[in-house]
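> Got a predicted model here, sequence first, then my questions.
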2 protein chains.
Amino acid sequence: MDLKNLREVCVCQETIFQGRLLRLNRDSVRLPNGVETTREVIHHPGAVAIVALEGDKLLLVRQYRYPIDQETLEIPAGKLEPGETPESCAQRELREETGYQGKLTYLGRFYSTPGFSNELIHLFSARDLVWAPLDADDDEFLGVERIPWVEAIRKAQQGEFQDAKTALGILMQAGKTRD
Amino acid sequence: MDLKNLREVCVCQETIFQGRLLRLNRDSVRLPNGVETTREVIHHPGAVAIVALEGDKLLLVRQYRYPIDQETLEIPAGKLEPGETPESCAQRELREETGYQGKLTYLGRFYSTPGFSNELIHLFSARDLVWAPLDADDDEFLGVERIPWVEAIRKAQQGEFQDAKTALGILMQAGKTRD
């Protein structure tokens, strides 16, 4: 079989659910070998996450995550609104979740789980923080915490954060600082 | 408001869709302030991913990812079968996707995107690889590639991989090697 063209061709799109946040499709696709199968896909608007440093402290957000029934400690993050650029989304989310705005630098972007979703997360670092709070979303309840940057790197390295974007953001930023 | 209890309490579970891979729930929940809202949640069986080193080369898998309509270069990975331990799943996926089995070491685990899914990914490293191929899933078409380990670290650091688990797995393993 030709491994030069691995593309799966959509032969029929079916939207199963359109919610407030997610759209679920079950599409029929033709595989490279000609066989048809189905793919279940979660369409997501995309998101941002911010590695915000106040001196040698990292700002983290404590929140409850319903899908995993756990409180987590994550870097500030949030989803893109329609028409919003990643940078303005990052500034808005940082202000809503921590009260600060900062000087943003783009760190990179990645798909959180490309096996079943198109969610793309843009990572920024933020420095030179200035107090400029915005009201948070009315269904978000957050607590802001600060931990030493070296402790954040150690925790990311040891797998002590619960989510991928927090550990990856910290380790990417740590690499830039080390270079 | 009491930020000591951020938990959202489920008042009504509704399964919208049960597919081959995903289950979509739209649950009614009570927020910490007493207001009710809905949460859209993707239930996933969980997955494993493997940082497999053959000498100073990293094994990567080239594949087409339908949700993002792109070919990606990722570390070998796959979802847990019912009753399977993460370790046996990692060994099976490594054999199916690369043809090798290896000596596994647990690196850590993380939720890929806890804002809307409970997918938990277990990360392993693999060394001392021995050829022991298993047939791959019949809807998977893969090409195995090797890149120098130092190049893999650089690419992860620069955000050149498309997905979170690949970059995070490499950077976590790199930190262990560096210590």
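Arrived safely. Residues are numbered from 1 along each chain as shown, chains lettered A, B, ... in the order given.

> tell me which residues in the helix or strand bottoming out on mean pLDDT in chain A are buried?
Within chain A, confidence by mean pLDDT, DSSP states H and E is lowest for helix A:164-178 among all helices and strands, at a mean of 93. For helix A:164-178, burial by neighbour count (16 or more other C-beta atoms under 10 Å in any protein chain shown) applies to A:164-175. For every residue, glycine as well, the C-beta is placed using N, CA and C.

> can you list the domains in chain A?
According to automatic domain parsing, chain A comprises the domains A:9-43, A:47-178.

> Mean neighbour count, those domains: which tops it?
Highest mean neighbour count of the domains of chain A: domain A:47-178, a mean of 19 (counted as mean count of other C-beta atoms under 10 Å in any protein chain shown).

> Figure out how far that domain is from the centre of its chain.
Put simply, domain A:47-178 sits 8 Å off its chain's centre (C-alpha atoms, centre = their mean, to the nearest Å).

> before we move on, back to that, and chain B, which of the buried residues of helix A:164-178 contact it?
Subset of those in contact with chain B: A:164-165, A:167-168, A:171-172, A:175, counting by C-beta under 8 Å from any C-beta of the partner chain.

> any chance of the buried residues of helix A:164-178 in JSON lines, with distance to B:V41 too?
Listed next are the buried residues of helix A:164-178 as JSON lines, based on distance: C-beta to C-beta, whole Å:
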{"residue": "A:A164", "distance to B:V41": "17"}
{"residue": "A:K165", "distance to B:V41": "18"}
{"residue": "A:T166", "distance to B:V41": "20"}
{"residue": "A:A167", "distance to B:V41": "22"}
{"residue": "A:L168", "distance to B:V41": "23"}
{"residue": "A:G169", "distance to B:V41": "24"}
{"residue": "A:I170", "distance to B:V41": "26"}
{"residue": "A:L171", "distance to B:V41": "28"}
{"residue": "A:M172", "distance to B:V41": "28"}
{"residue": "A:Q173", "distance to B:V41": "30"}
{"residue": "A:A174", "distance to B:V41": "32"}
{"residue": "A:G175", "distance to B:V41": "33"}
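
> So the residue nearest the centre of chain A: helix, strand or coil?
The centre of chain A sits closest to A:I121, judged by C-alpha atoms, centre = their mean, with a distance of 4.0 Å. Here A:I121 takes the strand state, with states given by DSSP: H, G, I helix; E, B strand; the rest coil.

> Can you show me the strands along chain A?
Assignment of strands within chain A using DSSP state E yields the ranges A:9-12, A:15-18, A:23-30, A:36-43, A:47-54, A:57-65, A:70-74, A:77-79, A:100-111, A:120-131, A:143-148.

> Check which helices and strands the fourth one sits against.
Taking 3 or more C-beta pairs under 8 Å, 6 or more residues apart in numbering or on different chains; DSSP states H and E as the contact definition, the neighbouring helices and strands of strand A:36-43 are strand A:23-30.

> model confidence over stretch A:115-129, on average?
Stretch A:115-129 shows a mean pLDDT of 98.

> Good, wrapping up.
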